[in-house]
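>>> Here's my sequence, what's the structure:
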Amino acid sequence: MSERIRYPESFLAVSFRAPRVASLPDGRLLVLREPGFEETDRAILHLCPARPAKEGLDGQGLALIAPRGGSFTCRAAAPLVAGIWTDDGGRLWLAWSDGHTVSLRRTREPVGDLDTLANPGVWQTLDPILPAPVAGSSLWHLGSGVRHPTEQDSILLSVLELPAGRVHVIAAAEGGPVRHAALHTHPQNHAPAIAMDPDGACCHVVWATEDLRICYRRVELSALAEGRVSEEEPFRVWIGCHHPDVATNGRQVIVSYTGHMQHITYGYFDGQDWQLDKHLTTLHPRFSETLEHSPWLWTDDNGAIHVSFVCLTRCLVYDSKWLGDAFSDPQPVEGLFHPSLFVDEVRVRAERMSLERRGGRLLLSSSFLPERHGVYTRQQESVTLKPDEPLLMFDMDAIDELYNAKVGLATMSQDPPAPLFEPTDRKQDFDGSRVLNGGTVLKDGDRYRMWYGAVALEPVADVPWYDQVYVGYAESEDGVQWQRADTGNGETYRGHPAPNRIRNMDHNACVFVDPEDDPSRRYKAVKFESRAQRYDRVAATGELGYLGLPRRGWLSTSADGLRWEREEIVVDFPGVETYGCQPQGAIYDPRDPDPARRYKVVGFTSIIGRRRGATLACSPDCRYWTVAERTPLLDSMMAVTPVRPAGPYGQLHDATIVRYGRYLLVFYQYQFDGRSADIRLAVSRNGARFKFVFPETPLIARGEPGRWNSGYLMPSSFVLDGDRMFCYYAAHSDEPYETVYGLPIVRVCAGRAVALRDRFARVSPGKTGDMTLATAPVTVQHADEPLRLEINADLSAESRLRVGLADADVVERELPGFEIESCGPLSGDSLRHRVAWKGGERLPPSLRRFRVRMLLEGSSKDAVYSLRVVSENEQA
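Predicted coordinates:
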C-alpha cells in the first residue's frame with residue numbers, strides 16, 4: 001500500500017490543487033514552499049511583502065507542518081499535501097493530509113507575523129470528521145478546497161480515500177456540524193479539485209483517473225447538509241487527459257485539463273449541454289510545438305474566469321480569459337522577467353505553479369530551494385474611460401463576455417504605395433543611402449515634421465557605424481509630399497553643404513514634444529549610450545571602471561526643433577543591466593498618475609548577444625532615467641514561432657511607443673531573420689506589462705517580392721490626424737546586399753501605412769447565430785456634462801447592431817430605459833454610430849459605472865472596432 005501512495009514530488013506539485021499561496025488584506029502574501037524530494041513530509045510557510053513581484057523567499061520560513069519541530073505534527077516520510085486560504089478578516093486557513101488523516105486549522109486572529117503562527121494556541125482546530133473507511137484501513141489525501149463565498153466561517157474540501165479511490169466532498173464550519181458525502185469509488189480515481197457557485201448553492205468536483213479520464217459531479221449544498229448525496233456514476237468529461245481543474249461563474253461550469261501531447265484543452269457546461277474537447281493550445285500556432293501543463297482556473301475581481309498554465313518550452317506562464325464560449329488569446333504573465341541575462345540562469349523558472357483562486361496571485365517554483373520560488377501579484381486595473389477615449393476591441397481585459405464571435409487584427413494598408421521620402425542616391429550627401437533609419441515624424445500644428453536617421457552611400461573605414469548615422473530634417477504640409485528643409489545650422493558633409501542636417505542630436509533621432517517644460521526646451525530627443533560606445537571608450541581610454549552603473553545618456557533640447565543643445569543624462573538599471581538599451585520612441589505622458597513615470601521611452605534591449613527584445617524606461621524630469629526592473633517587456637520567447645531563444649532569427653528589434661487614450665501602444669519590429677522584418681502591435685494599460693495583439697499577424701506587412709518595402713521594415717512614428725491613423729516606417733527591398741565596414745549597403749526609404757481611427761482590431765460574428773458582447777464594468781471620469789455613447793463599426797445595410805447598458809455588478813440586469821430591445825438598430829459604416837434608445841441618446845447624469853452590452857445580427861463581414869463615451873454641450 002505504501003508503494004501505491006508514494007507519489008513523486010512532481011505529481012504532488014502538479015496534480016493536487018490545494019493552493020500554496022494566499023493574500024492578506026494588506027497585500028502581503030503567504031506561501032507554502034515547494035516540498036523537495038527529501039522533504040515531502042513538511043510544509044514551510046513564508047510571509048512575503050506586498051510587492052508586484054518577489055523572487056526568492058526571505059529567511060528560513062516557519063516549519064508549519066513537520067514530523068518533528070513543526071507547529072503541527074505529521075507522519076514521518078508522509079506524502080504531505082497542504083493548502084492555505086485567507087478570509088476577508090485576514091485569518092489564515094490551513095488544511096493538510098499526511099495519508100493518515102485530513103486536518104484543518106484556522107487562526108483565531110488576523111495574521112501578524114510568522115513567529116506568532118508558530119504557537120499552536122493561536123490556531124483553532126476545525127478537523128473534519130472523516131467517514132468510515134471502505135476497507136479496514138484507509139489513507140487520506142487532500143485534493144483541493146474552496147472557502148464558502150457567503151459564509152466566512154466555512155470551507156469545502158475535496159478528499160481522496162485510498163486504496164479504494166473514493167472521492168469525498170467535506171464541508172467544515174466553525175461551530176457547525178461537519179458534512180461529508182462520497183461521490184464515486186474506483187481504484188483509479190485521484191486528484192479531485194473543487195469549485196463553488198458564487199451564491200454558495202452548489203459545488204462542482206472534477207477528478208482524473210489513472211487511465212486518463214476526467215470525471216465530474218455536481219453537488220447541491222442543501223442536499224449535502226441534509227445527507228441526500230449518494231455515490232453515482234460521474235459524467236465523463238473526456239478521455240486521454242489529466243490534471244483537471246474546475247471553475248464556475250454560476251451560469252457555466254468550465255473544466256480545463258492537459259490533453260494529449262501536453263496541450264491545454266477544456267470543456268464547459270452551458271446550462272443545458274456539455275461542449276467538449278475544446279482546444280486552447282493544440283491548434284494554436286504559438287503553442288503547436290511547445291509543451292504545456294498545469295491549467296489552473298481562477299476568477300478575477302469582476303468574477304470573470306481565467307485559465308493560467310505553464311509553457312515549459314517558452315519558460316513562461318500564460319493566461320487566458322473566459323469569454324462565454326471560448327477563451328481569449330493566451331498572453332504571457334510571468335517567466336523570463338528575471339534578473340539574469342541567460343535563460344539557463346533564470347532563478348525562478350516557470351516549471352511548477354500554484355494560484356490563489358480569487359485574484360490569481362501566482363506562485364512559481366523550479367525546486368524546493370527558497371531562492372527558486374517567485375511570488376507575483378497581478379494588478380487588475382479597473383476599466384476607466386475619460387470622455388472621448390476609446391475602448392478598443394483588442395482589450396480583452398475590458399470584455400467579460402463574447403459569444404459567437406471572432407476577434408482579429410485590422411491591418412493597416414500602404415498609403416501611398418510608393419515611398420514618400422527617399423535618399424538622394426548621391427555620394428556627396430549624408431543621406432544618399434538611407435532615410436528614416438531611426439527617427440521621428442510628428443504632426444506639429446498645421447505641418448508634419450520629420451527628424452530622420454541618415455546614412456551616406458559610401459561608408460568610411462575605421463569609423464564606428466554609429467558615428468556614420470547622421471540626422472536630417474524634412475517638412476510636409478500633408479504628410480505625403482516631403483521637402484528637405486534648411487535648419488539654419490550651416491552644416492556640411494565632406495565639404496559639401498548639408499543645410500537640412502541637424503546638429504547636437506544622436507542618430508536615433510528620438511524626438512518628442514514636451515508642452516509643459518520651458519519653451520526653450522519644448523522639443524526633446526533622448527539617447528542612451530550603447531554597448532558599443534561604452535566598450536569603444538574603454539578601449540580608447542583604459543577606464544575599466546567606466547563599465548559600471550549608472551550609464552550615460554544624452555538629452556537634446558530645442559525651442560524650434562531646428563537648433564539643439566545637448567546635455568549628459570543618467571540611466572540606471574534597478575534590475576538586470578542589459579547589454580544594450582536604446583530608445584527609439586519617446587513620449588511625454590501626463591496621463592500617468594506617477595510623476596516618476598511622466599516621461600517614457602521604448603526601444604530595443606540586447607538581452608544576450610543577439611537576442612533582443614523591447615523594454616521601457618521612465619523619468620520624472622528627462623534627466624534621470626530608470627529602466628524597467630523586470631525586463632524585457634516584450635521578448636521573442638513570448639510569441640515567436642517556432643521558439644527561438646536568440647536572434648537574429650525570430651527576434652524583436654526596433655520599437656516605438658504612443659499614448660492612445662487609456663492605452664500605451666507599442667509598434668515593434670518582428671525579425672524573421674537578419675534581412676527581413678515586418679511591424680506588429682503590442683499594448684499596455686499600466687506600462688508595467690505589455691500584451692501582444694495577435695502576434696502571428698503583422699500590423700504592417702512587407703510588400704510583394706522585389707518592391708521597395710519587401711525586405712526589412714522599421715517602425716518610426718504613429719500619428720493621429722483627424723479620423724485617420726498613420727504609421728510611418730522605413731524599409732528596404734529584399735534584394736541581396738553587401739556589407740562594407742560594418743554597414744549594410746541598402747537603399748532605405750520612408751513609407752506610411754494608414755487606417756481609420758480606432759480600427760486596430762475587429763470583433764465580428766462567427767459562422768452561425770448572433771454575436772453578443774458585454775464589457776467589464778466601465779467607470780467614466782467626467783463632470784456633470786451630458787454624455788452619449790458612440791460605436792465605431794462597419795456594418796452592412798442588412799445588419800442590425802443594438803446596444804444596451806447593464807448593471808456593473810450583474811451583467812444580466814439591464815438598466816431601465818437602456819435595454820437592448822429599446823435601442824434603435826445601427827447599420828452602415830461609421831466611426832461614430834450614435835446610440836439612441838426610445839428615451840433619447842443621453843446617458844443618465846448620475847451614471848458613473850456600468851457595463852455595455854451589444855447584440856449584432858449580421859455576418860462575418862461586419863465588424864465592431866471600438867466604443868466611446870462622448871461629451872456634448874447642452875445644446876447638442
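
>>> which one's the longest helix in the protein?
helix 531-541 (DSSP state H).

>>> What residues sit buried inside stretch 490-500?
Buried positions in stretch 490-500, judged by neighbour count with 16 or more other CB atoms under 10 Å: 491, 493, 498, 500. All C-beta spots, glycine's among them, are computed from the backbone N, C-alpha and C.

>>> ugh, typo on my part, it should be stretch 290-307
Under the neighbour-count criterion of 16+ other CB under 10 Å, stretch 290-307 has 290, 292-300, 302, 304-307 buried.

>>> Out of those residues, which two sit at the greatest distance?
Greatest spacing in those, by CB to CB: 290 and 302 (29.6 Å).

>>> domains of this structure?
What automatic domain parsing lists as the domains of the chain is 2-380, 385-410+761-871, 413-756.

>>> The shortest one - what's its average pLDDT?
Confidence over domain 385-410+761-871 (mean pLDDT, whole number) is 93.

>>> try the first one
Model confidence over domain 2-380, given as mean pLDDT, is 86.

>>> go on, the last one?
Averaged over domain 413-756, pLDDT sits at 92.

>>> How far does it stretch from one end to the other?
By CA to CA, to the nearest Å, the extent of domain 413-756 from end to end equals 10 Å.

>>> ok, now the shortest one?
Across domain 385-410+761-871, the terminal residues are separated by 12 Å (CA to CA).

>>> ditto for stretch 278-292
Counting by CA to CA: the opening and closing residues of stretch 278-292 are 15 Å apart.

>>> can you pull the buried residues of it?
Across stretch 278-292, burial judged by 16+ other CB under 10 Å covers 278, 280, 281, 282, 284, 286, 287, 290, 292.

>>> which residues sit against that stretch?
With CB atoms under 8 Å, 6 or more residues apart in numbering as the test, stretch 278-292 has contacts from 256, 258-268, 307, 309-314, 318, 320, 326-327, 330, 639, 641-643, 695-696.

>>> Are any of these buried, and if so which?
By 16+ other CB under 10 Å, the contacts of stretch 278-292 give 256, 258-259, 262-268, 307, 309-312, 314, 318, 320, 326-327, 330, 639, 641, 643, 695 as buried.

>>> Please flag which of these sit within helices.
Residues of the buried ones among the contacts of stretch 278-292 located in helices (DSSP H): residue 639.

>>> who's in contact with the residue most central in space within the chain?
Centrality entry for the chain: nearest residue to the mean C-alpha point is residue 691, 4.4 Å, by CA atoms, centre = their mean. By CB under 8 Å, 6+ apart, the contact list for residue 691 reads 331, 332, 682, 683, 684.

>>> gap between it and residue 665?
Distance from residue 691 to residue 665, counting by CB to CB, to the nearest Å: 11 Å.

>>> ok, back up a step: possible to save the contacts of residue 691 as JSON lines with secondary structure and distance to residue 629?
Below are the contacts of residue 691 laid out as JSON lines (DSSP: H, G, I helix; E, B strand; the rest coil; distance: CB to CB, whole Å):
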{"residue": "331", "secondary structure": "strand", "distance to residue 629": "20"}
{"residue": "332", "secondary structure": "strand", "distance to residue 629": "17"}
{"residue": "682", "secondary structure": "strand", "distance to residue 629": "19"}
{"residue": "683", "secondary structure": "strand", "distance to residue 629": "21"}
{"residue": "684", "secondary structure": "strand", "distance to residue 629": "15"}
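
>>> Scan those and report the most crowded one.
Among the contacts of residue 691, the one with the most neighbours (other CB atoms under 10 Å) is residue 682, at 25 neighbours.

>>> Quick check: bridge partners of that residue?
Applying DSSP bridges to residue 682 yields these beta-bridge partners: residue 666, residue 692.
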